[in-house]
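Undergrad: The following comprises the amino acid sequence and a computationally predicted model.
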Amino acid sequence: MGDPRRRIPRTDALLAEPRLAKAADTLGRALVKSAVVAAQDRARAGEIAPEDVAEAALAALPPTASSLRPVVNATGVLVHTNLGRAPLSAAALDAVRAAGGATDVEFDLATGQRARRGRGALAALADAVPDAGGVHVVNNNAAALLLCALTLAPGREIVISRGELVEIGDGFRIPELLAAAGARLREVGTTNRTRVADYAGALGPDTGFVLKVHPSNFRVTGFTSEAGIAELAGLGVPVVADIGSGLLCPHPALPGEPDATSALRAGAALVTASGDKLLGGPQAGLLFGERDLVERLRRHPVARALRVDKLTLAALEATVRGTPPPVRAALDADPARLRERAELLADALARRGVDASAVDSVAAVGGGGAPGVELPSAAVSLPARCAEALRAGTPPVVGRVEHGRCLLDLRTVEEDDDGRLLEAVARCGC
């Protein structure tokens, strides 16, 4: 019969195989060759048959040349920082593809002259928040706050409540960020109670602005009080409101979450927010406020280092102008429909011999937004061992383990993905 290893196809023959050749056109020859060699080694070790080498190489190839892998977010956390925060809408994805080549991002086709960079995205944001006299975009919310400090308070004081000296993630803290801008923090009040009089007593000729930070990733309850933006706006110095989560106007499901429109109407001179949280767009720092102040921010030398690229601008404009993004759809989801979907999936899995059931669940906004807000949801409950197997599958499915069970929360799974979710669970063998 001879040695079966002699039947393993040569590398050049495999690379010429039409499907692998097509993959090389997209992913690059080096990446495809690496997958081919790995599959050949598996055949030499007896793990796969020689005639299956091409299929094994194809199966090992990533969907794109990036190492990032698309996953199904079944955690029930709408804005999951570790999973890339807000998933982009179809309109935003189309806009990114269109912006991938040469575009008129900073060019006026009518006059042939240079034009305002990102004017489409800025106009969309201005239309969405008409109370703003000016709008500017930087690369994230921390950058927006940094630009405010660099422009309005270099070598001066920023007055802030001790209850709002927050850590924003990965060890980064608001006080250190502002100090890096050359500003001095003037802390007032206490952790749980800060009054307008505390702010007023701290104001002086060195005051750059009063900073109001939404403690978006925690709650302080009990014996508490805080000064509102409207009260602080009457103190005679600019009030900068960091609302964090990127809500542009009030949402009925999040009555306690600050939004840009309400903050401006209350008297904030500037409002900073994130683009990739409740807005549902790409990572960006959004700045709304008084026209003259926004123009000062835009013309600061550091603004150039903080600007966003054409892909972000395209996605941002499409997010604001296009159909509701997935985060908004998840926020508005009907719990009764979520339960119906969970029961259909659980029944289909049970018929395949999987220990699956539909259960009520509680989802969360996440991403440092709406802390403590519970969103009624429904999930497919599986044995806890499924969590690891699902993460290793194709596509990877990320759920959460709770009370000894793996829950796949459907509030964060688009209904069109239910079929993919069903097949992923069935294939994982749990």
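TA: The structure has been received and is ready for your questions.
Undergrad: List the contacts of the residue nearest to Pro396 when sequence neighbours are not counted.
TA: Excluding its sequence neighbours, the residue lying closest to Pro396 (Cβ to Cβ, 6 or more residues apart in numbering) is Val71, at 4.4 Å. All C-beta atoms are positioned from the backbone trio N, CA, C, and that covers glycine. Applying Cβ atoms under 8 Å, 6 or more residues apart in numbering, we find Val71 in contact with Leu83, Pro395, Pro396, Val397, Val398.
Undergrad: Looks to me like Val135 is in a helix.
TA: No - counting by DSSP: H, G, I helix; E, B strand; the rest coil, Val135 is located in no helix; its state is strand.
Undergrad: Show me what it bridges to in the sheet.
TA: Beta-bridge partners recorded for Val135 (DSSP bridges): Phe288.
Undergrad: Just to check, it is in contact with Gly120?
TA: No - at 11.8 Å, Val135 does not count as touching Gly120 under the criterion of Cβ atoms under 8 Å.
Undergrad: neighbour count winner among the two?
TA: Val135 (23 against 18; other Cβ atoms under 10 Å).
Undergrad: Can you check the pLDDT for the more buried one?
TA: We note a pLDDT of 98 for Val135 in this prediction.
Undergrad: now swap in Pro371 and tell me
TA: 75.
Undergrad: Helices of the stretch 201-350 of the chain, residue ranges please.
TA: 229-233, 260-266, 291-299, 310-321, 326-331, 335-351 (DSSP state H, counting those that start in this stretch).
Undergrad: Show me the strands in the stretch 301-430 of the chain, by range?
TA: 357-363, 375-383, 397-398, 400-402, 405-409 (DSSP state E, counting those that start in this stretch).
Undergrad: can you tell which of those strands is closest to Arg97?
TA: Arg97 lies closest to strand 397-398 among the strands of the stretch 301-430 of the chain, at 25.8 Å (Cβ to Cβ).
Undergrad: ok, and what's touching the closest one?
TA: Contacts for strand 397-398 (Cβ under 8 Å, 6+ apart): Val71, Val72, Asn73, Ala74, Thr75, Leu83, Leu390, Arg391, Leu408, Leu421, Ala424, Val425.
Undergrad: now do 6 Å
TA: The contact list for strand 397-398 (Cβ atoms under 6 Å, 6 or more residues apart in numbering) reads Val71, Val72, Ala74, Thr75, Leu390, Ala424.
Undergrad: what pairs with that strand, and is each one parallel or antiparallel?
TA: Strand 397-398 is paired, per DSSP bridges, with strand 72-73 (parallel).
Undergrad: Just the buried residues of the helix or strand just after the partner strand, please?
TA: Next helix or strand after strand 72-73 toward the C-terminus (DSSP states H and E): helix 90-98. Neighbour-count burial for helix 90-98, counted by 16 or more other Cβ atoms under 10 Å, picks out Ala91, Ala92, Ala95, Val96.
Undergrad: That concludes my questions; thank you for your assistance.
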